[in-house]
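> Please work out how this folds:
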Amino acid sequence: MKSLLLLTASGPLLVLTSHESLNDLKLLGVLRQKGIGKFVAFEVPLSLARERYGGHFQAVESNLHETDDLRVLDFNGQRVFQLFRFEELGSPILIEQS
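Here you go, the predicted structure:
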(Lines give C-alpha, C1' and ligand atoms only; values in the text may rest on other atoms or scores of the structure.)
Protein backbone atom coordinates (compact mmCIF):
# COMPACT_ATOMS: atom_id res chain seq x y z
CA MET A 1 0.00 0.00 0.00
CA LYS A 2 1.09 3.54 -0.73
CA SER A 3 0.07 6.94 0.56
CA LEU A 4 0.32 9.74 -2.01
CA LEU A 5 -0.10 13.49 -1.84
CA LEU A 6 -1.52 14.63 -5.18
CA LEU A 7 -1.38 18.30 -6.12
CA THR A 8 -4.18 18.61 -8.65
CA ALA A 9 -5.87 21.49 -10.49
CA SER A 10 -8.74 21.34 -7.99
CA GLY A 11 -6.47 21.17 -4.93
CA PRO A 12 -4.38 18.75 -2.88
CA LEU A 13 -5.57 15.22 -2.06
CA LEU A 14 -4.02 12.63 0.19
CA VAL A 15 -4.88 9.15 -1.07
CA LEU A 16 -4.21 5.54 -0.15
CA THR A 17 -3.78 2.98 -2.89
CA SER A 18 -3.08 -0.72 -3.06
CA HIS A 19 -1.04 -0.17 -6.24
CA GLU A 20 2.71 -0.54 -5.84
CA SER A 21 3.63 2.25 -8.23
CA LEU A 22 2.24 5.54 -9.42
CA ASN A 23 3.22 4.42 -12.92
CA ASP A 24 0.67 1.57 -12.75
CA LEU A 25 -1.58 2.04 -15.80
CA LYS A 26 -4.67 0.85 -13.91
CA LEU A 27 -4.09 3.42 -11.16
CA LEU A 28 -3.54 6.18 -13.72
CA GLY A 29 -6.76 5.10 -15.45
CA VAL A 30 -8.72 5.30 -12.18
CA LEU A 31 -7.35 8.77 -11.53
CA ARG A 32 -8.16 9.87 -15.08
CA GLN A 33 -11.74 8.59 -14.67
CA LYS A 34 -12.00 10.81 -11.60
CA GLY A 35 -10.87 13.81 -13.65
CA ILE A 36 -7.29 13.75 -12.37
CA GLY A 37 -5.07 13.50 -15.41
CA LYS A 38 -2.41 16.08 -14.62
CA PHE A 39 -0.83 16.36 -11.19
CA VAL A 40 2.30 16.46 -9.09
CA ALA A 41 2.59 13.56 -6.65
CA PHE A 42 4.68 13.01 -3.55
CA GLU A 43 4.90 9.70 -1.75
CA VAL A 44 4.08 10.12 1.93
CA PRO A 45 5.69 7.53 4.21
CA LEU A 46 2.87 5.21 5.24
CA SER A 47 3.96 5.17 8.87
CA LEU A 48 3.86 8.97 8.95
CA ALA A 49 0.36 9.15 7.43
CA ARG A 50 -0.82 6.49 9.89
CA GLU A 51 0.67 8.46 12.82
CA ARG A 52 -0.76 11.84 11.76
CA TYR A 53 -4.27 10.60 10.92
CA GLY A 54 -4.67 7.97 13.67
CA GLY A 55 -8.15 6.43 13.78
CA HIS A 56 -9.21 8.08 10.51
CA PHE A 57 -6.30 6.37 8.73
CA GLN A 58 -7.35 3.01 10.16
CA ALA A 59 -10.95 3.51 9.05
CA VAL A 60 -9.94 4.40 5.48
CA GLU A 61 -7.32 1.63 5.36
CA SER A 62 -9.84 -0.99 6.47
CA ASN A 63 -12.08 -0.04 3.53
CA LEU A 64 -9.29 -0.42 0.96
CA HIS A 65 -9.98 -3.60 -1.02
CA GLU A 66 -8.56 -5.06 -4.20
CA THR A 67 -11.74 -4.04 -6.02
CA ASP A 68 -11.57 -0.50 -4.58
CA ASP A 69 -7.87 0.23 -4.88
CA LEU A 70 -7.92 4.00 -4.33
CA ARG A 71 -9.32 5.78 -1.28
CA VAL A 72 -9.15 9.46 -0.37
CA LEU A 73 -7.66 9.95 3.08
CA ASP A 74 -7.96 13.75 3.05
CA PHE A 75 -9.23 16.33 0.57
CA ASN A 76 -8.66 19.34 2.83
CA GLY A 77 -5.53 20.87 1.31
CA GLN A 78 -4.91 23.23 4.22
CA ARG A 79 -4.88 20.33 6.70
CA VAL A 80 -2.62 18.21 4.48
CA PHE A 81 -0.13 21.05 4.16
CA GLN A 82 -0.19 21.64 7.92
CA LEU A 83 0.37 17.96 8.74
CA PHE A 84 3.33 17.28 6.43
CA ARG A 85 6.54 19.15 5.72
CA PHE A 86 8.02 18.92 2.21
CA GLU A 87 11.21 17.46 3.68
CA GLU A 88 9.15 14.48 4.95
CA LEU A 89 7.88 13.64 1.47
CA GLY A 90 9.44 11.75 -1.38
CA SER A 91 10.68 13.39 -4.58
CA PRO A 92 7.99 15.00 -6.75
CA ILE A 93 6.60 12.93 -9.62
CA LEU A 94 5.04 14.82 -12.53
CA ILE A 95 2.17 13.13 -14.34
CA GLU A 96 0.44 14.52 -17.42
CA GLN A 97 -1.94 12.16 -19.19
CA SER A 98 -3.47 13.05 -22.52
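> Report the rounded mean pLDDT for the helix ranked longest in the chain.
If you go by DSSP state H, the chain has its longest helix at helix 46-62. For helix 46-62, mean pLDDT rounds to 87.
> Quick one: residues contacting Thr8.
By C-beta atoms under 8 Å, 6 or more residues apart in numbering, Thr8 lies in contact with 36, 38-39. Heads up, the C-betas are built off the backbone N, CA and C, glycines and all.
> Including pLDDT, neighbour count and secondary structure, could the residues you listed go into CSV?
Shown next, in CSV, are the contacts of Thr8 (pLDDT from 0 to 100; neighbours: other C-beta atoms under 10 Å; DSSP: H, G, I helix; E, B strand; the rest coil):
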residue, pLDDT, neighbour count, secondary structure
Ile36, 94, 20, coil
Lys38, 96, 14, strand
Phe39, 97, 21, strand
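> Specify which member of the residues you listed is nearest to Leu25.
Proximity of these to Leu25 (C-beta to C-beta) peaks at Ile36, which lies at 14.5 Å.
> For the closest one, list the residues it contacts.
6, 8, 13.
> Mind checking which of those are in strands?
Using DSSP state E, the subset of these located in strands is 6, 8, 13.
> Excluding chain neighbours, what is closest to the last one?
Nearest-residue entry for Leu13: Leu6, 4.7 Å, with adjacent residues in sequence omitted and distances by C-beta to C-beta, 6 or more residues apart in numbering.
> My read is that that neighbour contacts Thr17, right?
No - at 10.3 Å, Leu6 does not count as touching Thr17 under the criterion of C-beta atoms under 8 Å.
> Determine the set of other helices and strands touching the worst-scoring helix or strand of the chain on mean pLDDT.
Sorting the helices and strands of the chain by mean pLDDT, DSSP states H and E puts helix 46-62 at the bottom, at a mean of 87. On a contact count with 3 or more C-beta pairs under 8 Å, 6 or more residues apart in numbering; DSSP states H and E, helix 46-62 meets strand 2-8, strand 11-17, strand 70-74.
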